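> attaching a predicted model along with its sequence, questions to come.
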Amino acid sequence: MEESHAKTLKNKLKGISPISSECCIYRVPKRLRDVNEKAYTPQVVSLGPIHHGGEGLEAMEDHKMRYVKDFFERTNVNLEDCFNSLKEWEGRIRSCYAVNIEFSEEELVEMILVDGIFTVEVLLRSAFPTLQQESDRIFGKPWMDRDVVYDMLMLENQLPFFVLDYFYSLAHASNTIPLEKDTELSLIKLTHTFFEEKVYIRPLEEVSNKLSQYSGARIQHFVDYILKCHRPSPSELPPKRKLDTLSIPSATQLKAAGVHFMVVHDTTLFNIQFENGTLKIPQLRIRGSTEVFFRNLIAYEQFEFNDHYISDYVFIIDHLLDSSRDVELLARKGILESKLSDSKAVTTFISTLDLGPILFGTNFYFTELCEKLNEYYGVPWNNWKASLQQDYLSSPWAILAITIATILLVLTLAQAGLSLANITEN
């Protein structure tokens with residue numbers, strides 16, 4: 001009996017294939033997912049096998065087919081050729097996903113064909129409105145356009161980029177894309193145009209220089225592209241050092257200590273600098289997609305890069321925005337722009353972003369920034385100013401009370417001085 005079990009286990013081990021170097025699309029860990037399930041689960045459209053057939057996603061399947069039909073009619077591409085090409089890549093496509101895919105070869109190929117063409121069509125119709133149909137259920141309804149974008153930002157809802165590049169090359173070769181004369185348009189450029197305003201991406205020329213520094217310089221999928229656009233290039237990453245204290249002063253505490261705040265626009269979102277008493281912070285715009293954006297970048301970064309640059313940034317922002325007053329201060333400075341209901345909602349939103357990711361205090365990217373802020377705040381004169389501001393000058397009524405008390409004290413001292421002078425004369 002024991003020998004039989006050992007034999008069964010041995011056969012199981014033989015059936016386990018090695019992890020492919022192509023693997024790049026992952027399931028989000030329970031530790032992160034439990035904080036907010038919806039941030040990782042598509043609400044409108046599934047792309048790829050992980051959420052295919054999911055609850056509430058059926059309605060978009062019919063519209064996907066309309067996009068596929070339009071693609072083949074417009075480009076005159078042969079459907080059987082596309083199917084056969086994908087069939088040759090089926091093993092490679094399957095190995096891109098870090099999950100066991102239950103679908104058969106034929107089912108997976110059909111799914112990738114439909115989802116891939118649909119995705120390319122979304123990019124093209126967004127860039128060229130003349131390709132949109134009057135009955136378009138996505139671009140004819142702004143809220144649907146927004147929801148589709150949110151779903152395309154999710155790590156579990158990705159398609160391999162080489163598949164999208166294949167379908168885009170077919171559309172481009174058909175000369176049916178309404179390009180201006182002598183205009184070149186790659187899939188990278190099309191992707192950048194689609195996401196640029198939605199997820200704070202820097203200009204394409206700047207991003208292209210950064211991407212060329214990555215090993216292989218190959219884009220795996222949309223989340224991979226967005227993360228590489230935001231992370232400093234490998235040569236520009238700040239050094240990681242141990243973080244001795246897990247606290248930094250809040251924005252209002254720093255202001256009371258004499259720190260000046262400046263919004264900067266010509267840099268990446270995460271490039272926070274403190275120099276000569278001025279804290280320079282790129283503008284953070286909080287929108288409906290912001291939580292999906294941050295959470296999925298954090299999840300992917302930990303898988304693909306075994307790193308935590310984005311979550312370290314969230315830690316810094318969370319500690320700067322400790323209260324509603326901190327939010328209001330950074331909003332007045334133009335550093336924070338929010339569409340949430342009020343400043344308290346912003347504080348809650350940022351603090352929940354910091355839940356789930358693990359803080360690697362022994363290898364923290366913003367250690368130097370934290371040390372500079374704590375050192376500045378720790379100077380006795382700066383600390384005394386901050387305490388005075390926070391404890392006694394925190395409201396107009398407190399300032400008025402101290403002013404009246406000061407005036408009364410001066411008058412009392414003046415009266416005492418006059419009385420002493422009269423006594424001396426007598």
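Cool, the structure landed.
> those helices in the stretch 151-300 of the chain, which residues are they?
161-173, 187-195, 204-211, 222-230, 251-256, 290-300 (DSSP state H, counting those that start in this stretch).
> can you list the buried residues in the second one?
It stands for helix 187-195. Counting neighbours by 16 or more other C-beta atoms under 10 Å, one finds that the buried residues in helix 187-195 are Leu187, Ile188, Leu190, Thr191, His192, Phe194, Phe195. Where C-beta positions appear, they are placed from N, C-alpha and C, glycine not excepted.
> re the thing from before, so which of the helices of the stretch 151-300 of the chain gets nearest Asn36?
Evaluated with C-beta to C-beta, these place helix 290-300 nearest to Asn36, the distance being 6.9 Å.
> for the closest one, packing partners?
Contacting helix 290-300 under the criterion 3 or more C-beta pairs under 8 Å, 6 or more residues apart in numbering; DSSP states H and E are the following elements: helix 30-33, helix 222-230, helix 309-320, helix 343-353.
> could I get the CA-only coordinates of the first one as CSV?
Translated: helix 30-33. Listed next in CSV are the C-alpha coordinates belonging to helix 30-33 (Å, rounded to 0.1, in the frame of the first residue of the first chain):
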residue,chain,number,x,y,z
LYS,A,30,-5.0,36.5,-0.8
ARG,A,31,-3.2,38.9,1.5
LEU,A,32,-3.7,41.7,-1.0
ARG,A,33,-7.1,40.5,-2.4
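> packing partners for that helix?
Using 3+ C-beta pairs under 8 Å, 6+ apart, the elements in contact with helix 30-33 are helix 290-300.
> I'd like to know how far Lys69 sits from Thr252.
When C-beta to C-beta, to the nearest Å is applied, the distance between Lys69 and Thr252 equals 57 Å.
> my read: Phe103 touches Met111, true?
Yes - taking C-beta atoms under 8 Å as the definition, Phe103 is a contact partner of Met111 at 6.7 Å.
> same drill for those two, tell me which one is more crowded.
The neighbour count for Phe103 versus Met111, taken as other C-beta atoms under 10 Å, is higher for Met111 (22 against 15).
> leaving out the residues flanking it, which one is nearest to the more buried one?
On the basis of C-beta to C-beta, 6 or more residues apart in numbering, the spatially nearest residue to Met111 that is not a chain neighbour turns out to be His52, at 5.9 Å.
> who's in contact with that neighbour?
Ser46, Phe103, Met111 (C-beta atoms under 8 Å, 6 or more residues apart in numbering).
> output stretch 48-55 as CSV, nothing but the C-alphas.
Output for stretch 48-55, consisting of C-alpha atoms alone and laid out as CSV, is shown next (Å, rounded to 0.1, in the frame of the first residue of the first chain):
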residue,chain,number,x,y,z
GLY,A,48,-7.8,36.0,-21.0
PRO,A,49,-8.6,32.8,-19.2
ILE,A,50,-8.5,33.7,-15.5
HIS,A,51,-11.8,35.4,-15.3
HIS,A,52,-13.4,34.1,-18.5
GLY,A,53,-17.1,33.3,-17.9
GLY,A,54,-17.1,35.2,-14.7
GLU,A,55,-20.3,36.4,-13.1
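> same question for that stretch: list its buried residues.
When neighbours are counted by 16+ other C-beta under 10 Å, the buried residues of stretch 48-55 are found to be Gly48, Pro49, Ile50, His51, His52.
> from these, which is closest to Pro357?
Ile50 (21.4 Å).
> can you get me a residue count around the nearest residue to that closest one once chain neighbours are set aside?
With sequence-adjacent residues excluded and distances taken as C-beta to C-beta, 6+ apart, Ile50 is closest to Glu156, at 4.7 Å. Look at Glu156: counted by other C-beta under 10 Å, it has 24 neighbours.
> for Glu156, give its distance to Asn296.
In this view, Glu156 and Asn296 are 8 Å apart by C-beta to C-beta.
> overlap in contacts, the two.
When contacts are counted by C-beta under 8 Å, 6+ apart, Glu156 and Asn296 are jointly contacted by Val28, Tyr40.
> Gln132: what's it in contact with?
Taking C-beta under 8 Å, 6+ apart, one finds Arg125, Phe139, Gly140 in contact with Gln132.
> select only the buried ones of these in ChimeraX?
Here is the ChimeraX selection string for the buried members of the contacts of Gln132, based on 16+ other C-beta under 10 Å:
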select :125,139
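> what's the closest of the contacts of Gln132 to Ile316?
Nearest to Ile316, judged by C-beta to C-beta, of the contacts of Gln132 is Phe139 at 37.5 Å.
> where does the closest one land on pLDDT?
With respect to pLDDT, Phe139 has a value of 88.
> and it, backbone torsions?
Dihedral angles of Phe139 (phi, psi; degrees, to the nearest 10) stand at phi -80, psi -10.
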